[in-house]
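Chemist: whatever this is, show me its structure:
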Amino acid sequence: MMSEALYFIAVLPPPKIQNEITGLKHEISEKYESKHALKSPPHITLHMPFKWKEKRYDELADLMRNLNSDLEPFEVQLKGFDFFEPRVVFVDVVENQMLEEVQKNVVNACRKQLKLDNANYKNRPFHPHVTIGFRDLKKRMFYEAKKEFEKREVSFEFPVNEIALLKHDGKKWNIHKF
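Modeler: Okay, here's the model as predicted:
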């Protein structure tokens, strides 16, 4: 049997901001019974999860090294909360042309070099965000959370100097060194 792993590619905020956003995830988990967002570090997805054969891991690692060596550093601003009804609560990302370009570059490189074609969820356009509650958030709880979070303010800004590869260990997503 061929061994495969599940990966995705993302922008990760620095540890201090990750800790603050993880605190928001814990709040959603405790108040609104949604634990699923705690299975990954806070991130902005650039390429949704994909399966990759372990015997071809070197190709994936090379792609990540190339993407990072070509990356021009830029700033990202997270501001406010928003929602994908009826299940997702997230910290919104302020529109950012550089982030859009990086996402397109990641998707194109994955298609061209790795022959991956599942870059967008249900063919929806790229909508950068940092999820704090989703999937297991029940509709009733979602609307309670929305009522609370749409009144709250949050703002973070950070430099992006690299993109990350995350790997699923069967229970949660971990930052993967390549």
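Chemist: all strands for the protein, in order.
Modeler: Remark: strands assigned in the chain by DSSP state E are 4-11, 44-53, 74-84, 88-93, 129-133, 155-160, 164-168, 173-176.
Chemist: residues in contact with V89?
Modeler: Counting by Cβ atoms under 8 Å, 6 or more residues apart in numbering, V89 makes contact with I28, F81, F83, T131, I132, G133, F134, L137, F142, A145, K146, F149. To be clear about C-beta, it is placed using only N, CA and C from the backbone, and glycine gets the same treatment.
Chemist: out of those, which comes closest to L71?
Modeler: Proximity of the contacts of V89 to L71 (Cβ to Cβ) peaks at T131, which lies at 23.0 Å.
Chemist: average pLDDT for stretch 81-98?
Modeler: Averaging pLDDT along stretch 81-98 yields 96.
Chemist: from the chain's centroid, how far away is it?
Modeler: Between the centre of stretch 81-98 and the centre of its chain there are 11 Å (Cα atoms, centre = their mean, to the nearest Å).
Chemist: picking up where we left off before, so how do I select the buried members of the contacts of V89 in PyMOL?
Modeler: The following PyMOL line selects those of the contacts of V89 that are buried, judged by 16 or more other Cβ atoms under 10 Å:
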select buried, resi 28+81+83+131+132+133+134+137+142+145+146+149
